[in-house]
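Colleague: one predicted model, sequence on top.
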Amino acid sequence: MAEVLVHVDHADGAVRKPTLELLTLARRLGEPVALALGAGARETTAVLAEHGATRVLTHEASEYADYLVVPKVDALRAAVAAVSPAAVLVPSSAEGKEIAARLAIRIGSGIVTDAIDVEAGAEGPIVTQSVFAGSYTTKSRVSLGTPVITVKPNSAPVEPAPAAGTVAELAVGFSDSTRGTRITERIPRRSSGRPELTEAAIVVAGGRGVNGDFTVLEALADALGAAVGASRAAVDADWYPHAQQVGQTGKSVSPQLYIAAGISGAIQHRAGMQTAKTIVAINKDPEAPIFDLADHGVIGDLFEIVPALTAEARAR
Ligand code: FAD
């Protein structure tokens with residue numbers, strides 16, 4: 001059976017959820033082989049095996065923490081040479097997309113980014129994307145080399161599927177260009193304690209309608225274990241950080257549930273959230289375009305509705 005290489009995103013051995021989703025998709029295409037790099041790589045192996053990795057390749061070296069993405073590209077290239085996979089799957093984070101693009105160039109392959117689904121096809125994986133701000137869904141297939149595919153978080157379920165997970169050390173040779181850009185300092189982002197926006201299963205987002213006060217939305221988010229997002233109008237007004245902006249010039253999210261409060265639903269905002277599985281809109285204007293997109297709509301003042309939702313969520 002063909003093998004499918006999965007690039008593992010982890011923090012000191014803790015595997016992030018988008019990687020487990022990739023393993024679900026990889027199993028549809030063949031036998032998943034996971035590649036874990038850097039400090040803690042070996043600690044990832046048990047979780048990867050529980051979610052279907054038949055083999056886990058690891059390589060620990062200080063280069064992965066000390067330099068920008070190139071060492072990871074070197075390692076993926078070495079893994080592609082060692083495994084000859086039917087496809088390479090990479091999480092669609094900013095770093096993941098850079099790694100995937102550089103890898104595709106190095107190995108002379110085609111690439112598809114921001115996939116929302118991947119299925120097996122007679123001539124290679126069929127990749128689904130949501131394009132033109134979600135107006136169209138396309139299906140495509142890489143016709144050159146080993147397909148390199150980045151997949152958006154929350155595009156597939158996490159499914160336990162115990163597999164052998166045989167662990168082997170990958171041989172990686174770094175070139176001089178690997179050490180081209182050294183990281184001089186890492187400044188940790190102040191943590192809100194909430195899930196990362198692009199990985200969260202639930203996002204509570206606010207727009208101009210919150211009128212500068214996100215505390216009601218934060219309370220609901222905390223009751224639901226959700227991340228908080230914002231429209232560009234809210235970000236431009238300095239009510240919320242740009243890192244939390246959803247949309248064309250912000251982040252793209254695909255949660256199970258997206259609650260849009262005080263957001264009109266401009267096309268540029270939709271571009272970042274309309275692949276959410278369920279959309280709930282709260283808006284006092286019954287004509288707001290967000291209602292065209294929403295699965296459930298509540299017409300009314302968010303400052304009355306959101307606290308009522310929070311109380312209900314806390315009561316459960
Ligand atoms: P508005 O459009 O002003 O809507 C506010 C809504 O709140 C209204 O529908 C109103 O009825 C409702 N409301 C007011 N008070 C209440 C209340 N008390 N209770 C309930 N409802 C209430 N936008 C993004 O979001 N993300 C992007 O990435 C993005 N990128 C862009 C890129 C470009 C190139 C351009 C030109 C624009 C971009 N925009 C983006 C901006 C976008 O066009 C809209 O201007 C923006 O999304 C509007 O934000 P909003 O819905 O919060 O504000």
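Modeller: Arrived safely.
Colleague: check what contacts the longest strand seen in the chain and list those residues.
Modeller: When the chain is parsed with DSSP state E, its longest strand is strand 111-119. If you take Cβ atoms under 8 Å, 6 or more residues apart in numbering as the criterion, strand 111-119 is touched by 25, 28-29, 87, 89, 92, 97, 100-101, 104, 125-130, 137, 140, 142, 147-152, 155-156, 252, 254, 275. C-beta here means a position set from N, CA and C on the backbone, and glycine is covered the same way.
Colleague: let's see which of these end up in strands.
Modeller: Using DSSP E, the contacts of strand 111-119 in strands are 87, 89, 126-130, 137, 140, 148-151.
Colleague: just the buried members of those residues?
Modeller: Among these, those classed as buried by 16 or more other Cβ atoms under 10 Å are 87, 89, 126-130, 140, 148-151.
Colleague: get me the contact residues on the chain for the ligand.
Modeller: The chain comes close to the ligand at residues 207-209, 231-234, 245-250, 262-264, 266, 268-269, 272, 282-285, 288, 301-303, as judged by Cβ under 6 Å from any ligand atom.
Colleague: pull out the buried members of the residues you listed.
Modeller: 207-209, 231-234, 245-247, 250, 262-264, 266, 269, 272, 282-283, 288, 302.
Colleague: state the mean pLDDT of the longest strand of the chain.
Modeller: Mean pLDDT, strand 111-119: 96.
Colleague: C-alpha coordinates for it, CSV please?
Modeller: Taking only C-alpha atoms (Å, rounded to 0.1, in the frame of the first residue of the first chain), the coordinates of strand 111-119 have been written out as CSV:
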residue,chain,number,x,y,z
ILE,A,111,1.3,22.0,-4.7
VAL,A,112,-2.3,22.7,-3.5
THR,A,113,-2.7,24.9,-0.5
ASP,A,114,-5.6,25.5,2.0
ALA,A,115,-7.4,22.2,1.1
ILE,A,116,-10.6,21.6,3.0
ASP,A,117,-10.8,17.9,1.9
VAL,A,118,-8.7,15.2,0.4
GLU,A,119,-9.8,11.9,-1.1
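Colleague: what angle do it and strand 126-131 make?
Modeller: Here strand 111-119 runs at an angle of 110 degrees relative to strand 126-131 (axes from the mean of the first three to the mean of the last three Cα atoms, to 10 degrees).
Colleague: who are the contact partners of the closest residue to residue 283 other than its chain neighbours?
Modeller: Leaving aside its sequence neighbours, residue 283 sits nearest to residue 290 (Cβ to Cβ, 6 or more residues apart in numbering; 6.0 Å). Neighbouring residues of residue 290 by Cβ under 8 Å, 6+ apart: 260, 263-265, 279, 281, 283, 297.
Colleague: for residue 104, same thing?
Modeller: Residues near residue 104 by Cβ under 8 Å, 6+ apart: 110-111, 145, 148.
Colleague: okay, helices next: where are they in the stretch 51-200 of the chain?
Modeller: Per DSSP state H, counting those that start in this stretch, the stretch 51-200 of the chain carries helices over the ranges 63-66, 70-83, 94-107.
Colleague: could you report the neighbour count for the spatially closest residue to residue 168 that is not a sequence neighbour?
Modeller: Nearest residue to residue 168, sequence neighbours excluded (Cβ to Cβ, 6+ apart): residue 57, at 5.7 Å. Using other Cβ atoms under 10 Å, residue 57 is surrounded by 26 other residues.
Colleague: relative to residue 82, how far out is residue 57?
Modeller: Distance, residue 57 to residue 82, using Cβ to Cβ, to the nearest Å: 7 Å.
Colleague: residue 58: how many residues sit nearby?
Modeller: Here the number of neighbours of residue 58 (other Cβ under 10 Å) works out to 22.
Colleague: swap in the one 5 residues further on?
Modeller: The tally of other residues near residue 63 (other Cβ under 10 Å) stands at 20.
Colleague: looking at the stretch 1-150 of the chain, which residue is nearest the ligand?
Modeller: When distances are taken as Cβ to the nearest ligand atom, the stretch 1-150 of the chain reaches nearest to the ligand at residue 133, 9.9 Å away.
Colleague: over to that residue: give its phi and psi.
Modeller: phi 50, psi 30 (degrees, to the nearest 10).
Colleague: so how far is residue 136 from the nearest residue to residue 205 once chain neighbours are set aside?
Modeller: Using Cβ to Cβ, 6+ apart and skipping the chain neighbours, the partner closest in space to residue 205 is residue 229 (3.6 Å). Per Cβ to Cβ, residue 229 is found 24 Å from residue 136.
Colleague: what about the two, which has more around it?
Modeller: Between residue 229 and residue 136, counting by other Cβ under 10 Å, residue 229 is the more crowded of the two (33 against 9).
Colleague: that one belongs to a helix?
Modeller: No. Read with DSSP: H, G, I helix; E, B strand; the rest coil, residue 229 is strand and lies in no helix.
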